[in-house]
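Peer 1: the following block contains a protein sequence and its predicted model.
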There are 2 protein chains.
Amino acid sequence: MPRLRVHNLSISVDGYAAGPGQDLAHPLGVDGERLQGWVFATPTGRAMLGEPGADSAPGVIDRDRDRPDEQWTGWWGEDPPHPDPVFVLTSHPRPPLTMAGGTTFTFVTDGIEAALAQACAAAGDADVRLGGGADTVRQYLRAGPVDELHVTVVPVLLGGGERLYDAFDGGPAGLECVEFAGSPVTPRG
Amino acid sequence: MPRLRVHNLSISVDGYAAGPGQDLAHPLGVDGERLQGWVFATPTGRAMLGEPGADSAPGVIDRDRDRPDEQWTGWWGEDPPHPDPVFVLTSHPRPPLTMAGGTTFTFVTDGIEAALAQACAAAGDADVRLGGGADTVRQYLRAGPVDELHVTVVPVLLGGGERLYDAFDGGPAGLECVEFAGSPVTPRG
């Protein structure tokens, strides 16, 4: 059975995985791109981009924004950086989509368990990566099958949006910190 | 005018400065002591305890739990480690209290501005430290006079309790990160 893992999900120090006002033009919400700036702007982020498997995994599960009138084709442009099959949770049936670099998007309308089963079948012995967004991650956390949650806490405040950890209101559901990595000190500017 | 600063306020990765069920026996709520364990258990924490001013400042502002039937005498036992005067927000008038080591608790019933004015008068040119808890910090943040907020994000999940950053719903109120310090990596156990 493949392991289901979340890798490099960024949240603000006030706990938001996306700012307010998410839509197709603002997949991370208004100001949400501040959650990703560190990837390109810091040595830690640049090193992470080079890690094997950091941004790639078979059987990625992601989610569109459920807009039947718009043609969601992923968040990575015409030629996504990873060729792995992506299973996309949606409530609007669509035929599979193959991108320029070979990435396939398979649209799954019958729920998170069905999407996971298809992703596992595609992954074989490899891990399945749970791409996001926060709401999708919370659904899987509540259902229980997440094996590893790798979160980067970014020193920005968003002040609103979609919280990751609301899944745990009432208890952290057995999650424990098995590894902690602090970035280098940023001197006071 | 002294600077008003928060120093070493610990929050969980899900944003709680205290767990649920705070009372005099559990000032940080149920399981809230997990927020403080790192201070004694890690090199970073032990080093911080030795920093000048890390746990001491003139004109500390703190808060009791507003229980008129119980005699709150601080969180530090009979002989608090710092001798600086503490101005305690409460709604129940009490005479000032002097502890064994010389620490004085002055109980302030007319609000956060009055407490700050008294603390500033006591501090002279030194900083005033805003001790907590989270609710008190939020009140000062909303009112605006906080000059520096030093927060430690601890890799535990509390799943409920008192959030620090709810002060910023609707916007981060002009706060920006001026310095970031990551702890050393903790290897996977």
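Peer 2: Okay, I see it.
Peer 1: quick check: closest non-adjacent residue to residue A:111.
Peer 2: Of all residues not flanking residue A:111 in the chain, residue A:89 sits nearest, at 7.8 Å (C-beta to C-beta, 6 or more residues apart in numbering or on different chains). C-beta here means a position set from N, CA and C on the backbone, and glycine is covered the same way.
Peer 1: check residue A:80 too.
Peer 2: residue A:103 (4.3 Å).
Peer 1: how about residue A:2?
Peer 2: Using C-beta to C-beta, 6+ apart, the nearest residue to residue A:2 is residue A:123, at 4.4 Å.
Peer 1: how deep is the one you found tucked in, by neighbour count?
Peer 2: The local packing of residue A:123 (other C-beta atoms under 10 Å in any protein chain shown) involves 21 other residues.
Peer 1: how far away is it from chain B?
Peer 2: Separation of residue A:123 from chain B (C-beta to the nearest C-beta, to the nearest Å): 23 Å.
Peer 1: so that residue sits against residue A:86, correct?
Peer 2: No: distance between residue A:123 and residue A:86: 11.8 Å, which falls outside the contact criterion (C-beta atoms under 8 Å).
Peer 1: mind listing what the residue nearest to residue A:80 touches?
Peer 2: Applying C-beta atoms under 8 Å, 6 or more residues apart in numbering or on different chains, one finds that residue A:103 lies in contact with A:74, A:76, A:80, A:82-86.
Peer 1: can you flag which of those belong to strands?
Peer 2: When the contacts of residue A:103 are checked against strands (DSSP state E), the matches are residue A:86.
Peer 1: out of the contacts of residue A:103, which end up buried?
Peer 2: A:74, A:80, A:82, A:84-86 (16 or more other C-beta atoms under 10 Å in any protein chain shown).
Peer 1: turn those into a markdown table, columns for pLDDT.
Peer 2: Conversion of the buried ones among the contacts of residue A:103 to a markdown table gives the following (pLDDT from 0 to 100):
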| residue | pLDDT |
| --- | --- |
| A:74 | 75 |
| A:80 | 77 |
| A:82 | 73 |
| A:84 | 84 |
| A:85 | 90 |
| A:86 | 90 |
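Peer 1: out of the residues you listed, who's nearest residue A:118?
Peer 2: Using C-beta to C-beta, the shortest approach to residue A:118 within the buried ones among the contacts of residue A:103 belongs to residue A:85, at 8.6 Å.
Peer 1: distance of the closest one relative to residue A:104?
Peer 2: Spatial separation of residue A:85 from residue A:104 under the definition C-beta to C-beta, to the nearest Å is 5 Å.
Peer 1: what do you get for residue A:20?
Peer 2: Counting by C-beta to C-beta, the separation of residue A:20 from residue A:104 is 32 Å.
Peer 1: with neighbour numbers in mind, choose between these two.
Peer 2: Between residue A:20 and residue A:104, residue A:20 has the larger neighbour count (other C-beta under 10 Å), namely 18 against 15.
Peer 1: follow-up on the earlier one: mind listing what the residue nearest to residue A:111 touches?
Peer 2: Counting by C-beta under 8 Å, 6+ apart, residue A:89 has contacts A:61-64, A:108, A:111-112, A:115, A:136.
Peer 1: chain neighbours aside, what residue packs nearest to residue A:40?
Peer 2: Closest residue to residue A:40 in three dimensions, ignoring its sequence neighbours and counting by C-beta to C-beta, 6+ apart: residue A:46, at 7.0 Å.
Peer 1: so that neighbour, which state does it fall into?
Peer 2: Three states are possible here, and by DSSP: H, G, I helix; E, B strand; the rest coil the one that applies to residue A:46 is helix.
Peer 1: pull the number of nearby residues for it.
Peer 2: Residue A:46, neighbours per other C-beta under 10 Å, totals 12.
Peer 1: residue A:79 too?
Peer 2: Residue A:79 sits with 11 neighbouring residues when counted by other C-beta under 10 Å.
Peer 1: wait, it touches residue A:100, no?
Peer 2: Yes: because the distance of 4.3 Å satisfies C-beta under 8 Å, residue A:79 is recorded as touching residue A:100.
Peer 1: show me the beta-bridge partners of the residue nearest to residue A:111.
Peer 2: residue A:63, residue A:108 (DSSP bridges).
Peer 1: look up how far residue A:110 lies from it.
Peer 2: Using C-beta to C-beta, we find residue A:89 at a distance of 10 Å from residue A:110.
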